[in-house]
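> Predicted structure and sequence below. I'll ask about it afterward.
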Amino acid sequence: MMSSLHDESGLPMANDLQGVKDDLAFLRGLADQDGHSRKSHGLMLIAVGVIFSLVNFQYWLIFSGLLDAPKPWRTWAWLVGAIALVAVLRLISRRFPRPEGAARRAMAAAWAAVGTAVIAAGGGLGLGAWRLHLPSLVIWTFPVILFALYGAAWSVAFAVDRRAWSASIAAGCYLAAILCGYFMGRAIGWLVLSIGLLALVAAPGYVILRRARN
């Protein structure tokens, strides 16, 4: 086994050992972001979770008959939430600088990629709904995709930091995706989505923010 780390003269292969050290340093950098990066990350998760949890809670009230809202609001409530979220995220990005270092930028890029994938999925489903004349297609399927992608992101985080809570959040996201599929087309599905966003997005963001402050 040890012979693979030695060249013909019996000396350790410095390049291989240095490569292993570089890999370990990169992974450590992914797990140990600076305080500003963690605060920014935590605040963004809180913003996403709280804003869209409130939007979907309204939808649950509307479609369960507990709230009488005008039809235009039913159609565009999500857009109001999206505009509010963009405004909040801009404030956060101005308050906290972009993370420095290759490892930290890689982690930030990974989370940004999840957001981009969510947007692309929403656009693709929207076009599919238009082509198939199924206006509810996005509403039915998007929560499943959202939690599945978010769970995948936390699975990557667990692979890096090996923390049990990362694995727990990932498992919770996968369970939420399954529940959203089970309750698809029913009013209670909106409540499941609202609770899932609060518990699996906003709450972890709050924990990250508190750890960064401490």
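Now that the structure is in, tell me what you want to look at. Residues are numbered from 1 along each chain as shown.
> could you pull out the helices for this protein?
Ranges of helices in the chain, per DSSP state H, are 14-31, 35-63, 71-95, 102-132, 137-161, 164-182, 188-197, 203-213.
> Point out where the chain drops to low pLDDT.
1-37, 97-111 (pLDDT under 70).
> Quick check, central residue of it?
residue 150 (4.1 Å; CA atoms, centre = their mean).
> residue contacts, that one?
Shown in contact with residue 150 (CB atoms under 8 Å, 6 or more residues apart in numbering): 114, 173, 200-201. Where you see a C-beta, it was placed from the backbone N, CA and C, and this is true even at glycine.
> how about the residues you listed in JSON lines, adding distance to residue 156 and neighbour count?
Output for these, formatted as JSON lines (distance: CB to CB, whole Å; neighbours: other CB atoms under 10 Å):
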{"residue": "114", "distance to residue 156": "9", "neighbour count": "16"}
{"residue": "173", "distance to residue 156": "12", "neighbour count": "24"}
{"residue": "200", "distance to residue 156": "15", "neighbour count": "24"}
{"residue": "201", "distance to residue 156": "16", "neighbour count": "24"}
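> could those residues be laid out in a markdown table, adding distance to residue 179?
Shown next, in a markdown table, are these (distance: CB to CB, whole Å):
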| residue | distance to residue 179 |
| --- | --- |
| 114 | 20 |
| 173 | 11 |
| 200 | 11 |
| 201 | 15 |
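> Return the closest of the residues you listed with respect to residue 73.
Minimum distance to residue 73 across the contacts of residue 150 is 23.6 Å, recorded for residue 201 (CB to CB).
> you'd agree that closest one is up against residue 44?
No - applying CB atoms under 8 Å, one finds residue 201 not in contact with residue 44, separated by 9.7 Å.
> What values do phi and psi take at residue 66?
The phi/psi pair for residue 66 (degrees, to the nearest 10) reads phi -90, psi -10.
> Ok, residue 186 next?
phi -110, psi 150.
> Neighbours of it, how many?
By the other CB atoms under 10 Å criterion, the neighbourhood of residue 186 contains 12 residues.
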